[in-house]
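Asker: Build me a structure from this.
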Amino acid sequence: MRAVSILFLLVVKLGCLAMAAPTSGTLIFGGVERNYIYVVPPRYDGKSAISLVLIFHGAGNDGALLEQTLGFTELQREKMFLAVYPNGIDKAWNGGRTAPTSEASRKSDDVGFIAALIDVLERKFNIDPKRIFATGSSNGAMFCNTLAVRLSNKIAAIGPVNGNLSPTITAKYKPQFPVSIISFNGTADPFVQFAGDPEPGRELFSTPDTIAYWVKMNGCDPSPLVTIIPKAVPDDGTAVKRFDFEGGRNSSEVVAYIIAQGGHTWPGYHTDPSWAKVAGKTAMSVNATRAVIEFFEKHAKP
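Answerer: Down below sits the predicted model:
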């Protein structure tokens, strides 16, 4: 009986090590208490430097939802990275596009907050400063593009999903250094239109123009290698092509997944049926979470 009890306790202990729980953190920035959650990879011992992956929610959501639904925590059992889920003020990010959210979120210096958060995390953990990355969805993806422009001295690569670049950002700022990009966009996205948005105060580049911007900024070959991704089984009603723009400065590159008939969803993760009625189809032939992390592994700063 005692041997069985010891075995049971060992299994429980190993299970806890395999799946770390999220921890809450706070930071006072600009006189406002900002909060975030983070998940430490199970094998982290503080001796070897690890990468930092910032994961940004969309408008109306929060970091806890992403931690629970997108599989980053599960992937940390295999990959060594610190996953951090910051929260925007009033559940939104000031990413250059004036979204219909509160005045507080529109005026928030979110870029400054993230720069300060990176500094805090670097003091708390053994983070490789050459491997700091950002990914996110929708409003969070737009904010990733903004960070790549304005914090190119810190951010090595981004992985925006369902979000393009705002021309209000590119009119004011220019990235100092190349930032590698892996992006995912659906041609039938009802919220972040593939063709862009010219409405004053809500301007967004189209997906092709966003890609072209980063190809030019990074100095990549404008003629991409095109790969047709095999369809999911069963067929999910989408068709996925991958475009690789290689040869950028400092070994940077731009990779774009274009999802024909894809909606405002995260590829590789089934969407709640009620949300799918509004957001559209999900491509299951590519796992965006794994693709983003594996891309980041290849693109540290020089």
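Asker: Going by C-alpha atoms from here, please, whenever you check contacts or count neighbours.
Answerer: OK.
Asker: T271: neighbour count?
Answerer: 18 (other Cα atoms under 10 Å).
Asker: And A141, by the same measure?
Answerer: 29.
Asker: Give me the three-state assignment for it.
Answerer: helix (DSSP: H, G, I helix; E, B strand; the rest coil).
Asker: List the contacts of it.
Answerer: Each residue near A141 by Cα atoms under 8 Å, 6 or more residues apart in numbering is listed here: 56, 58, 135, 159-164.
Asker: Show the residue spans covered by the strands in the chain.
Answerer: With DSSP state E, the ranges of strands along the chain come out as 23-29, 32-39, 50-56, 81-86, 127-137, 157-161, 180-186, 225-229, 239-245, 254-260.
Asker: low-confidence ranges in the protein?
Answerer: Along the chain, segments meeting pLDDT under 70 span 1-19, 96-106.
Asker: how does it look with 50?
Answerer: Confidence mapping of the chain against pLDDT under 50 gives the ranges 1-18, 100.
Asker: from the strands of the chain, which stretch is densest packed?
Answerer: strand 157-161 (a mean of 30; mean count of other Cα atoms under 10 Å).
Asker: in its sheet, what does it sit against?
Answerer: strand 127-137 (parallel), strand 180-186 (parallel) (DSSP bridges).
Asker: Just the closest of the contacts of A141 to V286, please.
Answerer: Closest approach to V286 among the contacts of A141 (Cα to Cα): V161, at 12.4 Å.
Asker: who's in contact with H264?
Answerer: 138, 162, 186, 188-192, 279-282.
Asker: Let me have the strands paired with strand 157-161 in CSV, extended by distance to P222.
Answerer: Shown next, in CSV, are the strands paired with strand 157-161 (distance: least, Cα to Cα, whole Å):
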stretch, distance to P222
strand 127-137, 24
strand 180-186, 14
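Asker: Tabulate the contacts of A141 (JSON lines), appending distance to Y269.
Answerer: Converted to JSON lines, those look like this (distance: Cα to Cα, whole Å):
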{"residue": "F56", "distance to Y269": "17"}
{"residue": "G58", "distance to Y269": "16"}
{"residue": "T135", "distance to Y269": "16"}
{"residue": "G159", "distance to Y269": "16"}
{"residue": "P160", "distance to Y269": "16"}
{"residue": "V161", "distance to Y269": "13"}
{"residue": "N162", "distance to Y269": "14"}
{"residue": "G163", "distance to Y269": "17"}
{"residue": "N164", "distance to Y269": "21"}
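Asker: of those residues, closest to G248?
Answerer: G159 (16.8 Å).
Asker: Pairing partners for that closest one in the sheet, please.
Answerer: Under the criterion used (DSSP bridges), G159 bridges to T135.
Asker: what do you get for L27?
Answerer: With DSSP bridges as the rule, L27 is bridged to R34.
Asker: nearest residue to R150 other than its sequence neighbours?
Answerer: P175 (6.0 Å; Cα to Cα, 6 or more residues apart in numbering).
Asker: Now tabulate the contacts of H264 in CSV and tack on distance to H299.
Answerer: Output for those, formatted as CSV (distance: Cα to Cα, whole Å):
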residue, distance to H299
S138, 23
N162, 21
G186, 24
A188, 30
D189, 28
P190, 31
F191, 30
V192, 27
A279, 31
G280, 31
K281, 30
T282, 27
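Asker: In stretch 189-207, which residues are buried?
Answerer: Under the neighbour-count criterion of 16 or more other Cα atoms under 10 Å, stretch 189-207 has 189, 192-194, 196-197, 202-207 buried.
Asker: could I get those as TSV with distance to V111?
Answerer: Conversion of the buried residues of stretch 189-207 to TSV gives the following (distance: Cα to Cα, whole Å):
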residue	distance to V111
D189	26
V192	21
Q193	24
F194	25
G196	23
D197	23
R202	19
E203	19
L204	18
F205	20
S206	23
T207	23
